[in-house]
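Engineer: sequence-free structure coming up:
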């Protein structure tokens, strides 16, 4: 079992990134992994051996591979609502839910946010959702109020009179209404009351909501502190990381609207004065300083996520504190502008290094604004981005390169165009900025300005810009403006001959983009300008599908009125009716049906519209489709048919409606077998009962889990299992992933009720299966002690053979479940019984590094030298795994250090192949035969040489390893090292007398191996050591032909210069062929 967690923190932009969440989870899981999955190695190689980061898509692909190594993986994601990148987060969560890993348990916490709820509603059932009850929260608030009144020195004055104390407590509990944060703020306010009159006035006028509370706090800030408070709150709200108290003291003194921006006299003498200025809105905490891990740093943060949320909301604009309203882009710009002016004020060069190192430059370096620091940027780029016209003019006068590329926006002109800085754009154009320069997020300046709707900038750029230039996030300017809904910009672009049907990737074309976003007037304008209403492309396939996805009725109607093909098939959701049905857009569905859409058109993921609507639980849409002759039993898609989709989702009313319309209750499918299977897997007991009442075959076979009982048993759905048993299900039916229900329940660890229920209903405790063999082995694999005990108490055969791991003791040892191993041994498990892949329990535990299990097995007379399995014996397995303490334990128990067999032939070769220096030393100190032959690499020296482990090679040579010992595939150590291109190892072997012309192995000799591998430095070294350039033999006959086959031009030249004989014409033809 393994647990990984991630906490989204609104105070730290890095902890709001779903991509960082994926990296964190992957890192935590890999730290607990015994072996690295091949997918991780492949990804590492694909990322230039770690020189650049994998994409989020790649991380999502490999994460489930790592999870499958563990019996149970518990993922805890806390405070989803504090993630600012919601669309990206919900996309990742949907993909994780779609993995359907039986061993993954996902615990998420969040406030009740509609976008989070809607994205997960199809994956999380009502019974899996826990809402903190008001009374529970109120009790916690009461305890908090009591504690503050008792312990807080600022509230001590109200402790003298018990009646007053009770009056405060009653008023706050009554007014909190479950809002913890509200109670905190009121206590802070009451602490400032000087007498009972003020106290009672405060209690009598307590704000009713958190918004009113924040309004009151903000409006209470004095006039002289008002500007300082705005600066502090602005920086804390939009900073990419927590700010130290010292940084905040200087932030107060920066005003981007004046020149110079920074006024030293305004710096707070006592940084903690920020707490007095902003009252309950901010707090001080202590963080570990990143650059000094052992030192602590005091940081100031917003006191609660709701503070940030209120400051950037539309609600604040309606209240008395509207002057504190904050808009994302404007605030980022102000902070960035202030930071740049702060740096320029002290005449520091504006290099990326300076910006990265400056304490006051780092906070604005958010992913949204200056992700461009990953590539070279110039001072001109930054000043253009924030519209500093005076500084921009000064830089241009000093001949700054106006077309220098780099940064998120590609160049200074695109950055200024995105920001809508007309004066700066004009200045750049007047200084010969390339208006069509490609690069950056938006491809070119025109697309950036069009996306943001900056009409004057667009007009200026159109004097010379290529209106149809392709590239960037929105492919072209017209598509960008259409996506943004900027009517005037769209008109301007069309008037300047923008290609209305130009194709792109994500959004297909301009009409598609506008339709997706529901921009009616833009859609109308594009159609009037001859946009092709049926053009295919983009994620949603076509404009009609895009509009249907968004539920934009007017747009859908307009497209149909303009002859859009209602049955057009496309990517993504196949057709408009299917996507509208899935999303539950009733009016769009009605419009499509009224226009003769094919109600039974087949698609991909959801098969057809009825299945899509059934999966989403949209009752009215399902009714509408059935009333329009949707085929209730149509097959296809992820859930095979509508009934199965609705059953999987637990939508009782939809299931009833489908059954009432003659849905085949026993229709078979692939993934979930049938409707009963799907409902049982998800634990929907009412749906299960409904299906059974409608003659569902309780013993129907099919699907991943073979039958409904196995599916419910695996997930531990007690009521479903009971219902199925009451309906005469075959408790011993075989098939599916876990072979039978008892084995499935045993693996899942559902000991309290399900396993007992199955046993009480005569489940065969020793029934054999494939992967886990039997229930006892499955329970042992899961480490489920209580289930193991229950099975043993019910006469499970402790030594039964079968399955992937051979027997229960073997799998428990492999997984490191100490208590299960002890229980099995106490019940007379055969400690030396042979298993499958790892031979026996001792070898399995040794390979995985489970010291306590190894100790236990040895104490129970495990044969330390037993042969068999992948690694031959326990010592070899432990040696390859680099488990030093275990090797010592095995050797102390008389393990034969030179025992032959297994993949690596012997322990020394295994350790050498793994590059485990300390283990190699330990084995040599215990008289391991340094020249023993056998195994994958023939001998230890060849194994270490092939892998390039320099220190191991040195150690083996110092212990008299035969440098010229012959082997099979790589012939000898020198050839192996040459093939791998390990220059230092080759040099070491040659210095120790390796025969540079030794023949043998797949490549005949070392020179041919290095030539084939394209290792120029190694080839040069071998030639300098008198390698025979024309030596014959091996797969490619000679070095020149090997280099030619690999197309290594420099090596070919090197070999020819060294006297290699060019091949005859027929040999050349053979090589080319």
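Structural biologist: Happy to help now that I have it. What you are looking at is a predicted structure, and each value in this text was computed from that prediction instead of being measured.

Engineer: how many neighbours does residue 861 have?
Structural biologist: Using other C-beta atoms under 10 Å, the number of residues around residue 861 comes to 10. Quick note: C-beta positions are derived from backbone N, CA and C, even for glycine.

Engineer: How about residue 711?
Structural biologist: Residue 711 is flanked by 31 other residues according to other C-beta under 10 Å.

Engineer: residues touching it, list them.
Structural biologist: Residues in contact with residue 711 (C-beta atoms under 8 Å, 6 or more residues apart in numbering) are 673, 677, 680-681, 703-705, 736, 744.

Engineer: Try it again at 6 Å.
Structural biologist: Applying C-beta atoms under 6 Å, 6 or more residues apart in numbering, we find residue 711 in contact with 677, 680-681, 705.

Engineer: which one of those sits closest to residue 757?
Structural biologist: Within those, proximity to residue 757 (C-beta to C-beta) peaks at residue 680, which comes in at 14.1 Å.

Engineer: Report the separation between the closest one and residue 222.
Structural biologist: Distance from residue 680 to residue 222, counting by C-beta to C-beta, to the nearest Å: 65 Å.

Engineer: Looking at the two, which has the bigger crowd around it?
Structural biologist: More crowded of residue 680 and residue 222, by other C-beta under 10 Å: residue 680, with 36 against 10.

Engineer: any idea which element the more buried one lies in?
Structural biologist: Using DSSP states H and E, residue 680 sits in helix 675-682.

Engineer: Hey, what's the angle from the helix or strand following that helix to helix 675-682? Just curious.
Structural biologist: Next in sequence after helix 675-682, counting helices and strands by DSSP H and E, comes helix 685-693. Relative orientation of helix 685-693 versus helix 675-682 (axes from the mean of the first three to the mean of the last three C-alpha atoms, to 10 degrees): 160 degrees.

Engineer: Name the next helix or strand following helix 685-693 along the chain.
Structural biologist: Following helix 685-693 toward the C-terminus (DSSP H and E): helix 708-715.

Engineer: if you average pLDDT over that next one, what comes out?
Structural biologist: The average pLDDT within helix 708-715 is 93.

Engineer: Heading C-terminal from it, find the next helix or strand.
Structural biologist: Next element after helix 708-715 (DSSP H and E): helix 718-726.

Engineer: List the buried residues in that following helix.
Structural biologist: By neighbour count on 16 or more other C-beta atoms under 10 Å, the buried set for helix 718-726 is 718, 720-725.

Engineer: Kindly report the same for stretch 915-934.
Structural biologist: So, applying 16+ other C-beta under 10 Å, buried residues of stretch 915-934: 915-917, 919-924, 926, 928, 930, 932-934.

Engineer: Ends of that stretch, what's the gap?
Structural biologist: End-to-end distance of stretch 915-934 (C-alpha to C-alpha, to the nearest Å): 18 Å.

Engineer: Show residues contacting it.
Structural biologist: 879, 882, 884, 887, 891, 897-898, 900, 905-908, 911-912, 939, 949, 951-952, 955-956, 959, 961-962, 965.

Engineer: Which of those fall within helices?
Structural biologist: Taking DSSP state H as the definition of helices, these contribute 879, 884, 887, 891, 907-908, 911-912, 951-952, 955-956.

Engineer: Lowest-confidence entry in the residues you listed?
Structural biologist: The pLDDT minimum for the ones in helices among the contacts of stretch 915-934 sits at residue 884, where the score is 89.

Engineer: how far away is the residue lying closest to it once chain neighbours are set aside from residue 59?
Structural biologist: Closest residue to residue 884 apart from its sequence neighbours, by C-beta to C-beta, 6 or more residues apart in numbering: residue 918 at 5.6 Å. Taking C-beta to C-beta as the measure, residue 918 falls 33 Å from residue 59.

Engineer: Next up, the contacts around residue 951.
Structural biologist: residue 917.

Engineer: and it, how far is that from residue 1021?
Structural biologist: 20 Å.

Engineer: so where does residue 106 fall, helix or strand?
Structural biologist: strand 104-108.
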